[in-house]
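**Student:** Here is my input, please return the structure:
(chains A and B)
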There are 2 protein chains.
Amino acid sequence: MTAQKILLLVLDGISDRPCASLGGLTPLQAANTPNLDRFATEGITGIMDTIAPGIRPGSDTAHLSLLGYPPERYYTGRGPLEAEGSGIHMEPGMIGFRCNFATVDENSLITDRRAGRIHDTAALSAAIREGVDLSAYEVGFRFESGAGHRAALAFVGDLLGDRVTSNDPKKEGAEPLPVKPIGDAPADEKTAAVCNEFIRQSREILFDHPLNIERLEQGLPPANLLLIRGAGRMGHFEPFEERYDLSGSVISAATLISGIGMVVGLEHIPVPGTTGSVDSDLPAKVAATLRELERKDFVLLNIKGADEAGHDGKPEQKRDFIEVIDAALEPFAALDDTILVICGDHSTPCSVKDHSADPVPLVIRGEGVRTDRNWAFDEISCAEGGINRIRGLDLMPIVLDLINKAHKYGA
Amino acid sequence: MTAQKILLLVLDGISDRPCASLGGLTPLQAANTPNLDRFATEGITGIMDTIAPGIRPGSDTAHLSLLGYPPERYYTGRGPLEAEGSGIHMEPGMIGFRCNFATVDENSLITDRRAGRIHDTAALSAAIREGVDLSAYEVGFRFESGAGHRAALAFVGDLLGDRVTSNDPKKEGAEPLPVKPIGDAPADEKTAAVCNEFIRQSREILFDHPLNIERLEQGLPPANLLLIRGAGRMGHFEPFEERYDLSGSVISAATLISGIGMVVGLEHIPVPGTTGSVDSDLPAKVAATLRELERKDFVLLNIKGADEAGHDGKPEQKRDFIEVIDAALEPFAALDDTILVICGDHSTPCSVKDHSADPVPLVIRGEGVRTDRNWAFDEISCAEGGINRIRGLDLMPIVLDLINKAHKYGA
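**Tutor:** The predicted structure is shown next:
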């Protein structure tokens, strides 16, 4: 018998370096992880450079690579991916941006780059959609609220470039910057002009908006400016189902990851109660994953909280959240007919507080998969596993072969 | 904490194949190497194809690869690198050659390809610089003595090619060959003509030189002919400091290796008493390396004697010299703030008496580096290490990530 389905479980930023406060162990080594270790025991393990040895991956480039889309061809900046994940359907050629609602004072100085971490901006976004008019530039736009203070923006129109700077000075107490073209291409000059006009008009709309007047009365910072960044041109992605002959879904609380899933044609399955943080409702995600595997061939499940603990530099918190993740994975032990792949997208060492290029651990477990002698899922043990060391782009071909969907090359 | 500096220690030709006279061990396995084993215990180990699996590297191509300069793009023959290492500052476009002082008899037959291993040729080189005139070809030249019977030559001028043969018949008792263009490109024809003219004029100068008359009187073979080979065009090397944002030095007794360091912009630090052979003053090299690490971000240290024993096919001598090397490395145990990388550039099996493509052992040791269960630095043990198997070009990205100088690809 050969398995028919694939579950790709990405434990975002799970891997690390030795931590002094954990006695020289990594959080994944220090954590008690009976389920992950069981999968390692039953499956084959290894280490993986999601891009290439020594390349520090972003979550976006890493996930593209894991899904088999070479990032050097498909990655055009975070903006289009976040926009798709925020509910803007991105068509090839559209220019996407990530946005923050921020606060400026009467002197035009930014006093809060996140507008007091405002968390319901739907009314503001609706006002922007209704009020901003870019027809003088023959440009249409889409604008959607994201989680918290976040939002996404996209422009539609001819002759628009994507090489422009951000208006975000990256610090408080400074004025917002003018958006500028990078270089002197007319298309980039046009996009920069459109950006500045969009920022100007949206700022006028936000300034007088009842929600902001209400916030001022409550002593809260008003969301009266948009900071936009991450400009990128939406590319053409060969749909996942055509590329692999597999139907698929993505389950992720992070708009960047769900956006990546959606641009390649995976169906995004929202799961109430999931936050992308250490308080996320993981059992709900796992249950949703099992439901999706009933009706789809492929599910990408991203669990993000460990990455956050790494960015915060908290080894004990990371270890503890890894144990929470592990407990939630118990239902996957009953999977049959499914190749279970568990890996990281990149390491997020607590000592670095950012992504590093250290390879991630990997286990592949399911019907017909070779095994090895390793019985532990961690960075050090998996380096002794039977997969040895592969790259992210190797993963889909290997897994397709395990479900007998690889094409023979030659005779 | 993250280390800030990098020491790349290349043990030239250290790795080998099983040797019958060592009971089936390699010289590195047979040697008692407490310091190397300590670094393996404290660090992470692996094996490395300095170019690619099955490719037999030269020391030159291997070092370019280890420094992150793809040899297929940057390697243009040994001549320009030897010339730079011999003190000729090579500018892009110059044509470089390696030279031997040799002996011809009255019948124009080569009687000694190394002129009795002559070792002070400074006066001969000065006479050549003063006497040879290539202005009829509108070509300038540089000529410098190297170690022993070696020297280096470079041409400067327009329309010069680098695809020419050598005048070295590679055996004694034969006449020197005419230098010929490879193919029929006019630039190569011009270089061949310039070579032949240079050889002719220099031979006349050497024939009558007082030093050679003196040698004849002493019964020594005169250095009365130049054999030139290894023609190559000096390329443009992106400076190391710009490429990696690291200042650096190279410490090597071999002009080829110091030349490679210098062409990429490392400062060459000469160390008195070092010979590139088994009688080299290794403690002086190690002390100089520690001094350089005080003022630079990166040091390439090459130790060459084990390679020589491999070329000579002497397993016991190779084993013994490895023990001498190991003892000299003891001061590196005190390094902190530095990522210590120890590897070979290629294997030089005693059974082959030349370089082979067998992968080299590798250890990376320093703050934050993951460890593995391997505690021995040798070809067999390192193959079980946590790095698994990488390529030479992977090394610099990995090490840059470990000192937090890698750029994130994506977000």
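**Student:** Low-confidence stretches in chain A?
**Tutor:** Counting by pLDDT under 70, chain A shows low-confidence ranges at A:276.
**Student:** Can you name the residues of it that neighbour chain B?
**Tutor:** A:17-18, A:26, A:47, A:51-62, A:71, A:75, A:78, A:230, A:256, A:349, A:351-352, A:354-358, A:379-380, A:383-384, A:388-389 (C-beta under 8 Å from any C-beta of the partner chain). Just so you know, the C-beta spots here come from the backbone N, C-alpha and C atoms, and that holds for glycine as well.
**Student:** Any of those buried? List them.
**Tutor:** Buried members of those, counted by 16 or more other C-beta atoms under 10 Å in any protein chain shown: A:17-18, A:26, A:47, A:51-62, A:71, A:75, A:78, A:230, A:256, A:349, A:351-352, A:355-358, A:379-380, A:383-384, A:389.
**Student:** ok, and the closest non-adjacent residue to A:Thr274?
**Tutor:** A:Ala253 (4.1 Å; C-beta to C-beta, 6 or more residues apart in numbering or on different chains).
**Student:** Please report the distance of the one you found from chain B.
**Tutor:** Remark: distance between A:Ala253 and chain B (C-beta to the nearest C-beta, to the nearest Å) = 17 Å.
**Student:** pretty sure that residue belongs to a strand, no?
**Tutor:** No - judged by DSSP: H, G, I helix; E, B strand; the rest coil, A:Ala253 forms no part of a strand; its state is coil.
**Student:** in the sheet, who's paired with the closest residue to A:Glu42 other than its chain neighbours?
**Tutor:** Closest residue to A:Glu42 apart from its sequence neighbours, by C-beta to C-beta, 6+ apart: A:Arg365 at 5.1 Å. Taking DSSP bridges as the rule, A:Arg365 bridges to A:Leu340.
**Student:** wait, A:Arg365 sits on A:Asp336?
**Tutor:** No - in this structure, A:Arg365 is not within contact of A:Asp336 by C-beta atoms under 8 Å, at 10.9 Å.
**Student:** Between the two, which is the more surrounded one?
**Tutor:** A:Arg365 (24 against 10; other C-beta atoms under 10 Å in any protein chain shown).
**Student:** What residues does the more buried one make contact with?
**Tutor:** A:39-40, A:42-44, A:339-340, A:342 (C-beta atoms under 8 Å, 6 or more residues apart in numbering or on different chains).
**Student:** please redo it, this time with the cut-off set to 10 Å
**Tutor:** A:3, A:7, A:38-45, A:332-333, A:335, A:338-342, A:371 (C-beta atoms under 10 Å, 6 or more residues apart in numbering or on different chains).
**Student:** again with A:Leu134
**Tutor:** A:Leu134 makes contact with A:140-141, A:155-157, A:193-194, A:197-198, A:201 under the criterion C-beta under 10 Å, 6+ apart.
**Student:** Distance across stretch A:402-411, terminal residue to terminal residue?
**Tutor:** This stretch, stretch A:402-411, spans 19 Å end to end (C-alpha to C-alpha, to the nearest Å).
**Student:** I appreciate the help and will end here.
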